[in-house]
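Q: here are the coordinates; sequence isn't available:
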């Protein structure tokens, strides 16, 4: 299995959970309008932090990748695939927050 395939699986699962969370929400448009800016800001921060720290970890030898399993696109020394995991977390966290918040609200009623 290549790192690209693994990344696609993580991102697909994150988007599936987000689709379920938004699909079952009555306030979908309000949530998207309220969350897009904080999620975008967090995305920028995660991208910068991932680029900096992945490059540092790779440069110091903490992480080593099998070149045959990489897509070949690098940002510094970090493979593009490394950016998929923070992106999946960025998509997944608001979705889980929405689902768990709805569950808590239903249990109180």
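A: Noted; the coordinates are in hand. Here the structure is a predicted model, which is why all the values come from computation and not from measurement.

Q: name the next helix or strand downstream of the longest helix seen in the chain, please.
A: Longest helix in the chain, counting residues (DSSP state H): helix 28-59. On the C-terminal side of helix 28-59, the closest following helix or strand by DSSP states H and E is strand 74-75.

Q: picking up where we left off before, and the longest helix of the chain, what does it pack onto?
A: When contacts are defined as 3 or more C-beta pairs under 8 Å, 6 or more residues apart in numbering; DSSP states H and E, helix 28-59 sits against helix 3-23, strand 78-79, helix 84-108. C-beta: built from backbone N, CA, C; applies to glycine.

Q: and residue 41, which of the ones you listed is closest to it?
A: helix 84-108 (10.5 Å; C-beta to C-beta).

Q: starting at the chain centroid, how far to the longest helix of the chain?
A: 8 Å (C-alpha atoms, centre = their mean, to the nearest Å).

Q: and the angle for it with helix 3-23?
A: 160 degrees (axes from the mean of the first three to the mean of the last three C-alpha atoms, to 10 degrees).

Q: in helix 28-59, what counts as buried?
A: The neighbour-count check on helix 28-59 (16 or more other C-beta atoms under 10 Å) flags 42, 46, 50, 54-55, 58 as buried.

Q: any idea which of the helices and strands packed on helix 28-59 is most buried?
A: strand 78-79 (a mean of 22; mean count of other C-beta atoms under 10 Å).

Q: that one pairs with which strands, and in what direction?
A: strand 74-75 (antiparallel) (DSSP bridges).

Q: can you give me how far the partner strand is from the chain middle?
A: So, by C-alpha atoms, centre = their mean, the centroid of strand 74-75 is 18 Å from its chain's centroid.

Q: who's in contact with that strand?
A: Contacts with strand 74-75, where a contact means C-beta atoms under 8 Å, 6 or more residues apart in numbering, come from 51, 55, 80, 83.

Q: now do 6 Å
A: With C-beta atoms under 6 Å, 6 or more residues apart in numbering as the test, strand 74-75 has contacts from residue 51.

Q: next: stretch 48-56.
A: The contact list for stretch 48-56, computed with C-beta under 6 Å, 6+ apart, reads 75-78, 82-83, 86.
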